[in-house]
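K.L.:
Let me see the structure of the following:
(one chain, ligands or ions: 3)
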Amino acid sequence: MSETAAQLLLERCDELAAISSNPGLIERLHLSPEHRAANDLVAGWMKDAGLSTWQDAAGNQCGRLEGREPGLPALLLGSHIDTVRDAGRYDGMLGVLLAITTVSRIRDAGIDLPFALEVVAFSDEEGTRFGTALLGSRALAGTWHDDWWNLTDKDGITLFEAFHDFGLDPARLPNAYRRPDNLIGYLEAHIEQGPILEDADRRLAVVTSIAGARRFGLTITGKAGHAGGTPYDRRRDALVGASELVVAVERISKESGTIGTVGRLEAFPGGVNVIPGRVELSLDMRAEFDDDRDDCLRRITEAAHEICERRNLAFHSTEIYRADAVRCDLELQEAFAAGIRATGDAEPMAFWSRAGHDGVAVVAVTPIAMLFLRCRGGISHHPDEAVKKADVAAALDAYEATVLSLVSSSSSS
Ligand code: HGY
Ligand code: MN
Ligand code: MN
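P.N.:
Residues are numbered from 1 along each chain as shown. Ligands and ions are numbered 1, 2, ... in the order given. Below is the predicted model:
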């Protein structure tokens, strides 16, 4: 039965993957026509599962199954349906579909629920379009910053304008906020996006905490010049300086056991026969503990200043995103561990998530926990993302057992 449900779930991931702004690859950005189509498709699946559905004031697609009486506080299950550019088909989407299928199985089993079950398909976990991330879950958590309205995408469209174009009213955004006393907790199932489970030959794991990430836009400025006539001792080559910094990010991150990545770099003016006068690059820094991340960041910044001083370059850094590490709730972790044990894994693995997730925002209003699924080669943020049907079936059994263990602990308390 779970294998059949897993097969349908994987087919639905393929259906969602086909909703892309870029035919031939998977790309679905916040408040885009593809976001609208994905919300509509997911809303249909929620209705099929017996949930009442609505789109909240931040563009999150939501569904609810009432408990034994209407209006009870809700256990949230969910993940996100936006993607990075040229994405895989399981990052986020799998968690949304696992949540819908789990609620559907609980409903079909006629369980007497002491709380409501809700599914949330968050609209913008990645931050691909506007740079800062978790816009959907931060609206739900009431931690929205109004200066985000002026964020612009690559076409210069502001978040404010994109809200309007999507049919949302920015003035109503606070209506997306969910009060803590209306919530029981938040559960998310997600592919691990790393190799730990596969290397251990295990299907599932409990997440102990979620890394805190900080993202920056860095600019290194020198002086453009003629690639032929400018002697080396008179060059202020921004790209060579940036290249030294990129290597320093890797070296310092490795030395300090943290994770620094330069994902984007652009040289200006970009002529093959022109010494680059300016380079813009990104920096994504994360670690299990914020202090370690911030210490590493200090060392990278020092290295940047040393490189620029030595090369007569200028260095500027702007922070575009920050989410500090969060610990998953111990009781909810134990519920997921019980769920994994119900699949026959007697000693569930538990480790911290190197990837960021919506739970980092949702924890502001309710306790959170996550279930990891093995993904092939640990690959993610890439079209080669893949999962095994048997792992998805096991995740469905674990997720259902997790919710049932929360039902019984809630009923006995
Ligand atoms: O960047 C992350 O860790 C997440 O996949 N958005
Ligand atoms: Mn992702
Ligand atoms: Mn994700």
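
K.L.:
Of all residues in the stretch 201-350 of the chain, which one is closest to ligand 1?
P.N.:
For the stretch 201-350 of the chain, the residue closest to ligand 1 is A213, as judged by CB to the nearest ligand atom, at 6.2 Å. C-beta here means a position set from N, CA and C on the backbone, and glycine is covered the same way.

K.L.:
That residue belongs to a strand?
P.N.:
Yes. Counting by DSSP: H, G, I helix; E, B strand; the rest coil, A213 is located in a strand.

K.L.:
Flag every residue of this structure that's near ligand 1.
P.N.:
Applying CB under 6 Å from any ligand atom, one finds that the chain approaches ligand 1 through 125-126, 355-356.

K.L.:
and the longest helix anywhere in the chain, what other elements does it pack with?
P.N.:
Using DSSP state H, we find that the single longest helix of the chain is helix 389-412. With contacts taken as 3 or more CB pairs under 8 Å, 6 or more residues apart in numbering; DSSP states H and E, helix 389-412 sits against helix 2-17, strand 74-80, helix 93-108, strand 183-191, strand 204-210, helix 330-341, strand 368-373.

K.L.:
helices or strands next to the second one in the packing?
P.N.:
Contact partners of strand 74-80 among helices and strands, from 3+ CB pairs under 8 Å, 6+ apart: helix 93-108, strand 116-122, strand 183-191, helix 389-412.

K.L.:
I'd like those written out as CSV, with mean neighbour count added.
P.N.:
Supplementary listing: these in CSV, determined by neighbours: other CB atoms under 10 Å:
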stretch, mean neighbour count
helix 93-108, 25
strand 116-122, 28
strand 183-191, 26
helix 389-412, 20
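
K.L.:
quick one: which of the ones you listed is nearest D201?
P.N.:
helix 389-412 (11.5 Å; CB to CB).

K.L.:
what's the angle from that closest one to strand 74-80?
P.N.:
Here helix 389-412 points in a direction 160 degrees away from that of strand 74-80 (axes from the mean of the first three to the mean of the last three CA atoms, to 10 degrees).

K.L.:
now what about helix 389-412, what contacts it?
P.N.:
Helix 389-412 has contacts (CB atoms under 8 Å, 6 or more residues apart in numbering) with 2-3, 5-7, 9-10, 75, 77, 94, 98-99, 101-102, 105-106, 111-115, 117, 184-185, 187, 189, 203-204, 331-332, 335-336, 338-340, 342-343, 371, 373-374.

K.L.:
ok, now stretch 146-153?
P.N.:
29, 129-132, 135, 158-160, 162-163, 170.

K.L.:
And for stretch 248-267?
P.N.:
Applying CB under 8 Å, 6+ apart, the contact partners of stretch 248-267 are 211, 238-239, 242, 245-246, 276, 278-287, 292-293, 295-296, 299-300, 303-304, 307, 354.

K.L.:
cool, stretch 18-38 as well?
P.N.:
Identification of contacts with stretch 18-38 by CB under 8 Å, 6+ apart yields 16-17, 41, 59, 61, 81-89, 121, 123-124, 128-130, 135-136, 153, 159, 162-163, 165-166, 168, 383.

K.L.:
cool, stretch 381-388 as well?
P.N.:
With contact meaning CB under 8 Å, 6+ apart, stretch 381-388 is reached by 10, 25-26, 84, 86-91, 94, 191, 193, 203, 373-377, 379.

K.L.:
Quick check: buried residues in that stretch?
P.N.:
Of the residues in stretch 381-388, 381, 385-387 count as buried by neighbour count, 16 or more other CB atoms under 10 Å.

K.L.:
tell me how far the ends of it are from each other?
P.N.:
End-to-end distance for stretch 381-388, by CA to CA, to the nearest Å: 17 Å.

K.L.:
Kindly present the helices and strands packed on helix 389-412 as a markdown table, with separate columns for distance to E266 and mean pLDDT.
P.N.:
Shown next, in a markdown table, are the helices and strands packed on helix 389-412 (distance: least, CB to CB, whole Å; pLDDT from 0 to 100):
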| stretch | distance to E266 | mean pLDDT |
| --- | --- | --- |
| helix 2-17 | 29 | 96 |
| strand 74-80 | 27 | 98 |
| helix 93-108 | 30 | 98 |
| strand 183-191 | 30 | 98 |
| strand 204-210 | 30 | 98 |
| helix 330-341 | 42 | 98 |
| strand 368-373 | 34 | 98 |
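
K.L.:
okay, these in a markdown table with distance to P348 next?
P.N.:
Shown next, in a markdown table, are the helices and strands packed on helix 389-412 (distance: least, CB to CB, whole Å):
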| stretch | distance to P348 |
| --- | --- |
| helix 2-17 | 18 |
| strand 74-80 | 19 |
| helix 93-108 | 17 |
| strand 183-191 | 14 |
| strand 204-210 | 5 |
| helix 330-341 | 4 |
| strand 368-373 | 9 |
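
K.L.:
Rebuild these as TSV, extending it with distance to ligand 3.
P.N.:
Shown next, in TSV, are these (distance: least, CB to the ion, whole Å):
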stretch	distance to ligand 3
helix 2-17	13
strand 74-80	6
helix 93-108	8
strand 183-191	6
strand 204-210	11
helix 330-341	17
strand 368-373	10
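
K.L.:
follow-up on the earlier one: TSV for the buried residues of stretch 381-388, including distance to V403?
P.N.:
Formatted as TSV, the buried residues of stretch 381-388 follow (distance: CB to CB, whole Å):
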residue	distance to V403
H381	29
E385	26
A386	26
V387	21
